[in-house]
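Engineer: Here is a sequence together with a model predicted from it:
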Amino acid sequence: MADIQATREAYGNTLLALGAEREDLIVMDADLSGSTKTGVFAKAYPERFFNMGIAEQNMYAAAAGLALSGKVVCASTFAMFAAGRAFEIIRNSIGYTGANVKVCATHAGITVGEDGATHQTFEDIALMRTIPGMTVVNPCDSPSAEKLIWQVINMNGPAYVRLGRSAVPVFYDKTDEVILGRGNLLRSGSDVTVIATGIMVSSAMEAASRLAEEGIDVRVIDMHTIKPLDEESIVKAAEDTGRIVTAEEHSVIGGLGSAVADVLARKCPAKMEMVGQQDTFGESGKPYELREKYGMTTEAIVMAVRSIY
């Protein structure tokens, strides 16, 4: 297994494997199949692949029609153009009808890097989690992405899967259990809990190791499913540690941090800090440089934990 791999690679591999099992699986793309990795499915099953061109709204409307005719549809483009440009179609044609469409969006967050602010979406989780009945998933690495995408495709109903452009550390093993809707406890701790999602999970684990050297015992939870949210693990963490830090490659407005804060406010108030994109746009640059500038790093998590400990 590679030490680093982009989650979009796992998406392509999973589509290829499921294509042999499910003859009702249709894959659509907005002229980005090389980038989204749907191209591997297109090569193997050309009769079930549709390049819809740079017309995202049309693609998701057509996906809804196919799904309502009995197909399972995975429709892909960059996250900015899925959650952003096509939001109304996804809401009304897919969400409202409960269509069995999986919106599998790649190139999310600051690690889009050189593509710049117009392509760096920090709002997608916030938008998608507001749609009634929409499952929202944000895997941290390739093995977990494969498991979660497999479950998403085999469940009934609409889903949004957030995938990245850049290669990220492979954290999970293929034998590890990753279950949709259930957060994974990766590290036990009694002082502070870090609840992370996506690429910030590996940073959270690094931060926990650093903080252990200072005598701070940090629990780490991989919250790969933002909706339905594992409220039970959040409440238990708040009860056990009394301090929560969330970490995400997404705006702190409306994403994982907001979802966790909502649970804490209703069920178990606790001290809390949020690590993520602040109320600002990004810019073009190297992914690691942008993570440093915009505060989505191991160090940012360490500082957040110290601030409430």
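Structural biologist: Yep, that arrived.

Engineer: As a check, name the ranges of all helices in the stretch 101-250 of the chain.
Structural biologist: Under the criterion DSSP state H, counting those that start in this stretch, the stretch 101-250 of the chain contains helices at 124-129, 142-154, 200-212, 231-241.

Engineer: I'd like those helices as a markdown table, with mean neighbour count, mean pLDDT and distance to Ala265 appended.
Structural biologist: For glycine as for every other residue, the C-beta is placed from the backbone atoms N, C-alpha and C. Compiled in a markdown table, the helices of the stretch 101-250 of the chain are given as follows (neighbours: other C-beta atoms under 10 Å; pLDDT from 0 to 100; distance: least, C-beta to C-beta, whole Å):
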| stretch | mean neighbour count | mean pLDDT | distance to Ala265 |
| --- | --- | --- | --- |
| helix 124-129 | 24 | 98 | 16 |
| helix 142-154 | 22 | 97 | 28 |
| helix 200-212 | 23 | 97 | 22 |
| helix 231-241 | 18 | 98 | 11 |
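
Engineer: can I get those in TSV with distance to Lys71?
Structural biologist: Shown next, in TSV, are the helices of the stretch 101-250 of the chain (distance: least, C-beta to C-beta, whole Å):
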stretch	distance to Lys71
helix 124-129	21
helix 142-154	12
helix 200-212	33
helix 231-241	33
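
Engineer: Asp115 is in contact with Glu283, isn't it?
Structural biologist: No - the criterion here is C-beta atoms under 8 Å, and Asp115 misses it with Glu283 at 10.5 Å.

Engineer: who's in contact with Lys227?
Structural biologist: Applying C-beta atoms under 8 Å, 6 or more residues apart in numbering, we find Lys227 in contact with 128-129, 134-136, 259.

Engineer: so what's it bridging to?
Structural biologist: As for beta bridges, Lys227 partners with Val136 under DSSP bridges.

Engineer: residues touching Ile234, list them.
Structural biologist: So, once contact is read as C-beta under 8 Å, 6+ apart, Ile234 ends up touching 183, 195, 221, 244, 260, 263-264, 267-268.

Engineer: Could you dump these into TSV and include pLDDT and neighbour count?
Structural biologist: Formatted as TSV, these follow (pLDDT from 0 to 100; neighbours: other C-beta atoms under 10 Å):
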residue	pLDDT	neighbour count
Gly183	97	22
Ile195	98	28
Ile221	98	26
Ile244	98	27
Val260	98	28
Val263	98	19
Leu264	98	18
Lys267	98	14
Cys268	97	16
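
Engineer: Quick check: Gly285 vs Ala259, distance?
Structural biologist: To Ala259, Gly285 is 28 Å away according to C-beta to C-beta, to the nearest Å.

Engineer: what ranges of the stretch 1-150 of the chain fall below the confidence cut-off?
Structural biologist: 1-2 (pLDDT under 70).

Engineer: send the alpha carbons of stretch 255-274 over as CSV?
Structural biologist: Provided in CSV are the C-alpha atoms of stretch 255-274 (Å, rounded to 0.1, in the frame of the first residue of the first chain):
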residue,chain,number,x,y,z
GLY,A,255,-19.2,22.6,8.6
LEU,A,256,-18.1,19.9,11.1
GLY,A,257,-17.4,22.5,13.8
SER,A,258,-20.9,24.0,13.5
ALA,A,259,-22.5,20.5,13.5
VAL,A,260,-20.6,19.5,16.7
ALA,A,261,-21.4,22.8,18.4
ASP,A,262,-25.1,22.3,17.7
VAL,A,263,-24.9,18.9,19.5
LEU,A,264,-23.0,20.3,22.4
ALA,A,265,-25.4,23.2,22.8
ARG,A,266,-28.4,20.9,22.9
LYS,A,267,-27.0,18.0,24.8
CYS,A,268,-23.7,18.6,26.7
PRO,A,269,-22.2,22.1,26.8
ALA,A,270,-18.4,22.0,26.8
LYS,A,271,-15.4,24.3,26.0
MET,A,272,-14.8,24.3,22.3
GLU,A,273,-12.4,25.6,19.6
MET,A,274,-12.7,25.2,15.8
